[in-house]
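Here is a sequence together with a model predicted from it:
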Amino acid sequence: MAYATINPFTGEKVKTFPDARDEDIERAVATAHAAFQGWRKTSFGVRAAVMRRAAALLRKSSRAYAEILTLEMGKLIGEAEAEVELSAKIFEYYADNAATFLAPRRLPVRDPAEGEATLVSEPLGVLLAIEPWNFPYYQIARIIAPQLSAGNVMLLKHASNVPQSAAAFEKLMREAGLPEGGFTNLYATRAQITRIIEDPRVAGVALTGSEGAGSEVAATAGRALKKSTLELGGADAFVVLADADLDKTVRWAVFGRHWNGGQVCVSSKRMIIVDEVYEEFLASYSKGVAALRTGDPMDPATTLAPLSSQAAADEVKEKIRQAVTHGATATEVGPKVSSRGAFVQPTILTNVTPDNPAYYWEFFGPVSMLFRAKDETDAVRIANDSPFGLGGSVFTSNTAHGAEVAAEISTGMVFVNHPTKVEADLPFGGVRRSGYGRELLDLGLTEFVNHKLIDIVDIDASF
C-alpha cells in the first residue's frame, strides 16, 4: 500500500516502509491472542496505570510527537500540539472512569424466582482498528484507550501516509508498560486486512474512513459474524438563525470550516443562513476567510494548513470543477495560496442546487458551501437534506430555542453556538451514511464487550 512519509508542504518523500509480510500478520495476530489471555485478567488498576503513563509520556515529549504529525500530514504545529494533549486527556479519562463504567450491575428482577441477576462486562478479545490520517494520534487514542481499559487488545492498520505516527504510538504504549501484543501497528495490505477480520482469533473491527472503505469492511465483518463500528465522515450543517451574534458566529464559521486544513469529519461544511442575515454573513465570512494565510505549517504565523497530500489537493480541486460544471458558483477568497505545498485556494460555493451532485458531497478541504434559507423551518429542512448524519451546529442568541432547533436536526451530534466540541468526555458518532456505533464516553467503552448475565437461581425444581 506504499506506506511512506511525504511532507505535504515540500513534496519531499522522507521515508518509506515496506508492507507487512503474511508471516508478520500471522505473528502479530498470534501474539495479540496470547497477550489477551493475560491482559483480560489484569485489574483495572493495572490497566489505568498504563493509561496514565501513556498520557504522561505524551505530555513529556509533546513537541516531538507534534512535529511528526506536521511532517506527515501538514497539520499546523499548534493544532498538532493540541492533538497530543487531547490524546493524553483521553487516556486519563479512561484511567479515571473505566472501572466505574464496567462495574458489575445488579439487576432489579421482578420475581424472586428469577434469582440474583448480575450483568458483567467481559472483553471480547483481539480487535482491529483501521484509522485515517487527518488526526493520526487522536483517532488511535479514542479507540485504544477505552478498549485496552476494557481488557481487549488491539491491532492497528493506519493510513499509508502516516506510518511514523503509527509507529510512534506503538512505541508509546510499549514504553507505558503495555505487554507485548497489547497494541501492534501493522503496515498491512488490503488483502491482509480481510484475512485479519476473518481470522477466528479476531473479535471485531472499528473503522474511521471513507464510505467505500466502511462498506467493504462492514461486509467482511458481517460475513465473518464480527462486531464492527464505522465513522464515515459527514457534511455538517452550520445553521445561522436571524438573531445570531454575527461577529461571533462568523469567527466560529471560519474556524469550524478551516481548522486542520478543512480536513475534519465534524467540520462546518454546509453553511445554512436564513435570508434576512445571509448577505451580511456572506460579506463578513468572506472577509474572515480572506485573512487566512498559507505557509510552512511549522511556522506559528501560518493559519491555513496544506492538505495531507498533493493527491488530496487535486481531488478537492476536481470536485470544485465538477460542482461548477453542474451550475454552482465558485468564488476564490483571499490572496493566492502558496505554490509550494499541497494547498487549495479557499473557495466559497454558492448556487448549489439539489440537482447538482455536489449538493450531497463532502468536501475535505477549505471549501465552503453556502445556502440561503427562507426561514428557520427551511434551514432545518436543508440541514436534514443530506445522506450524512454526523454533526451540526445552530447559532442563535436564544440558546434554549437553539436546543429546540438542534433537536430537529438528524445527526449524532449537534452543538449550539459552537461548530464542534471534540473532548474525551463527549461521545462521538453519527447516523445514516456517517456510520454506526459510538466512540468515547462509556458508550465507546462498551462497544466491544460481552454484556454477560450471571444469574444465581437456587429454587426447588417443581413442575
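That came in fine, so what should we check first?

The residue positioned nearest the centre of the chain and I90: what is the separation?
Geometric centre of the chain, nearest residue: Q139, 5.7 Å, by C-alpha atoms, centre = their mean. From Q139 over to I90 the distance is 11 Å, taken as C-beta to C-beta, to the nearest Å. Bear in mind the C-beta positions are built from the backbone N, C-alpha and C, glycine included.

Neighbours of the nearest residue to T31 once chain neighbours are set aside, how many?
In this structure, T31 finds its nearest non-sequential neighbour in G181, 3.8 Å apart by C-beta to C-beta, 6 or more residues apart in numbering. Using other C-beta atoms under 10 Å, G181 has 23 neighbouring residues.

so G181 sits right up against A35, yeah?
Yes. G181 lies in contact with A35 (C-beta atoms under 8 Å); the separation is 3.0 Å.

Tell me the residues that contact both of the two, please.
Here G181 and A35 have V153 as joint contacts, going by C-beta atoms under 8 Å, 6 or more residues apart in numbering.

rewinding a little: now do the contacts for the residue nearest to T31.
If a contact means C-beta under 8 Å, 6+ apart, then G181 has 28, 31-36, 153 as its contacts.

Greatest separation within the residues you listed: which pair is it?
For the contacts of G181, the farthest-apart pair by C-beta to C-beta is A28 and F36; their separation is 12.5 Å.

where do the strands sit along the stretch 201-350 of the chain?
Here the stretch 201-350 of the chain has its strands, by DSSP state E, counting those that start in this stretch, at 202-208, 227-231, 236-240, 268-274, 329-332, 347-350.

Which secondary structure elements does the second one sit against?
If you count contacts as 3 or more C-beta pairs under 8 Å, 6 or more residues apart in numbering; DSSP states H and E, strand 227-231 packs onto strand 202-208, helix 211-223, strand 435-436.

With distance to F388 added, can I get those in CSV?
Listed next are those as CSV, based on distance: least, C-beta to C-beta, whole Å:
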stretch, distance to F388
strand 202-208, 14
helix 211-223, 9
strand 435-436, 9
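
want to try a markdown table for the ones you listed, with distance to A301 and mean neighbour count as columns?
Below are the helices and strands packed on strand 227-231 laid out as a markdown table (distance: least, C-beta to C-beta, whole Å; neighbours: other C-beta atoms under 10 Å):
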| stretch | distance to A301 | mean neighbour count |
| --- | --- | --- |
| strand 202-208 | 31 | 24 |
| helix 211-223 | 36 | 16 |
| strand 435-436 | 37 | 22 |
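
Save those as a markdown table, and put in mean pLDDT and distance to L443 too.
Putting these into a markdown table (pLDDT from 0 to 100; distance: least, C-beta to C-beta, whole Å) gives the following:
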| stretch | mean pLDDT | distance to L443 |
| --- | --- | --- |
| strand 202-208 | 98 | 13 |
| helix 211-223 | 96 | 19 |
| strand 435-436 | 96 | 12 |
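
right, and these - which one's nearest F415?
Across those, F415 has its closest neighbour in strand 435-436 (18.8 Å, C-beta to C-beta).

how far is the helix or strand following that closest one from where the chain is centred?
Next along the chain after strand 435-436, taking DSSP states H and E as the criterion, comes helix 441-445. Offset of helix 441-445 from its chain centre (C-alpha atoms, centre = their mean, to the nearest Å): 15 Å.

what's downstream of helix 441-445, the next helix or strand?
Next in sequence after helix 441-445, counting helices and strands by DSSP H and E, comes strand 449-456.

list the helices and strands that following strand packs on?
Strand 449-456 sits against strand 116-123, with contacts defined as 3+ C-beta pairs under 8 Å, 6+ apart.

dump the residue contacts of R223.
Each residue near R223 by C-beta under 8 Å, 6+ apart is listed here: E198.

measure it to V217 for me?
Distance of R223 to V217, given as C-beta to C-beta: 11 Å.

what ranges do the helices span in the stretch 1-150 of the chain?
For the stretch 1-150 of the chain, the helices defined by DSSP state H, counting those that start in this stretch occupy 22-39, 44-60, 62-73, 77-101, 138-150.

Highest mean neighbour count across those helices, which stretch is it?
Mean neighbour count (mean count of other C-beta atoms under 10 Å) peaks for helix 138-150 among these, with a mean of 27.

quick one: it to chain centroid distance?
Using C-alpha atoms, centre = their mean, the offset of helix 138-150 from its chain centre is 12 Å.

Can you dump the C-alpha atoms of it in PDB for me?
Extracted in PDB, the C-alpha atoms of helix 138-150 (Å, rounded to 0.1, in the frame of the first residue of the first chain):
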ATOM      1  CA  TYR A 138      -6.400  11.200  18.400                       C
ATOM      2  CA  GLN A 139      -8.000   8.500  16.100                       C
ATOM      3  CA  ILE A 140      -5.800   5.900  17.800                       C
ATOM      4  CA  ALA A 141      -6.300   7.100  21.300                       C
ATOM      5  CA  ARG A 142     -10.100   7.300  21.100                       C
ATOM      6  CA  ILE A 143     -10.300   3.600  20.200                       C
ATOM      7  CA  ILE A 144      -7.400   2.000  22.100                       C
ATOM      8  CA  ALA A 145      -7.800   3.900  25.400                       C
ATOM      9  CA  PRO A 146     -11.300   2.500  26.000                       C
ATOM     10  CA  GLN A 147     -10.700  -0.900  24.500                       C
ATOM     11  CA  LEU A 148      -7.500  -1.600  26.400                       C
ATOM     12  CA  SER A 149      -9.200  -0.300  29.500                       C
ATOM     13  CA  ALA A 150     -11.900  -2.900  28.900                       C
END
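
Could you check stretch 397-407 and say which residues are buried?
402, 405-406 (16 or more other C-beta atoms under 10 Å).

Next, the residues that contact that stretch from outside, please.
Contacts to stretch 397-407, defined as C-beta under 8 Å, 6+ apart, come from residues 239, 241, 243-245, 376, 380, 392, 394-396, 414-417.

Brilliant, that's me finished.
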